[in-house]
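Student: Kindly generate the corresponding structure for this input.
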Amino acid sequence: GRASDVADVADVTAFLTMKNEDEQRRWFYLQCLTPKLNCPDKAWARKILISDLYSRVREEKIPVQQWETWIRSQFDPSSAANTDPTSRQ
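Tutor: Reported below is the predicted structural model:
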C-alpha cells in the first residue's frame with residue numbers, strides 16, 4: 001500500500017509541524033494511559049512515571065511515529081528491557 005504509506009507520513013508530518021511541545025507531551029501522556037492501566041502488574045506499572053518516559057523518548061530521539069510501539073514496550077513487564085525499572089538511568 002503506497003497510498004497508506006504516504007498517508008502515514010503525512011499524518012506524522014502534520015503532527016510534527018502543527019503541534020507544539022505541550023501538545024506533543026499531552027499526546028504522549030494519552031498514549032501512555034491505556035497501556036499503564038492495562039498493565040497486568042499494577043504495582044510495577046505504578047512505579048513507571050510517564051514524565052520519565054517522556055524525558056527518555058526525547059533523550060533517545062525516538063521518532064514520533066514509533067512512540068506508540070515504544071510506549072507499549074515500556075509497559076510490558078515481560079520485555080527484557082523492563083525486568084528491573086530501577087536499573088535504568
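Student: This protein: helices as residue ranges?
Tutor: Shown for the chain, the helices assigned by DSSP state H span residues 2-18, 21-38, 42-46, 50-59, 67-74.
Student: just those helices: most buried one?
Tutor: For those, average neighbour numbers computed from mean count of other CB atoms under 10 Å are highest in helix 67-74, which has a mean of 17. Using the backbone N, CA and C atoms, a C-beta is placed for each residue, glycine as well.
Student: That one relative to helix 50-59, how many degrees between them?
Tutor: Between helix 67-74 and helix 50-59, the angle comes out at 120 degrees (axes from the mean of the first three to the mean of the last three CA atoms, to 10 degrees).
Student: Any stretches of the protein with poor pLDDT?
Tutor: Judged against pLDDT under 70, the low-scoring parts of the chain cover residues 1-19, 80-89.
Student: Which residue comes closest to residue 38 once chain neighbours are left out?
Tutor: Excluding the flanking residues, the one nearest residue 38 by CB to CB, 6 or more residues apart in numbering is residue 75, at 7.8 Å.
Student: What separation do you get for that neighbour and residue 43?
Tutor: The gap separating residue 75 from residue 43 is 13 Å, by CB to CB, to the nearest Å.
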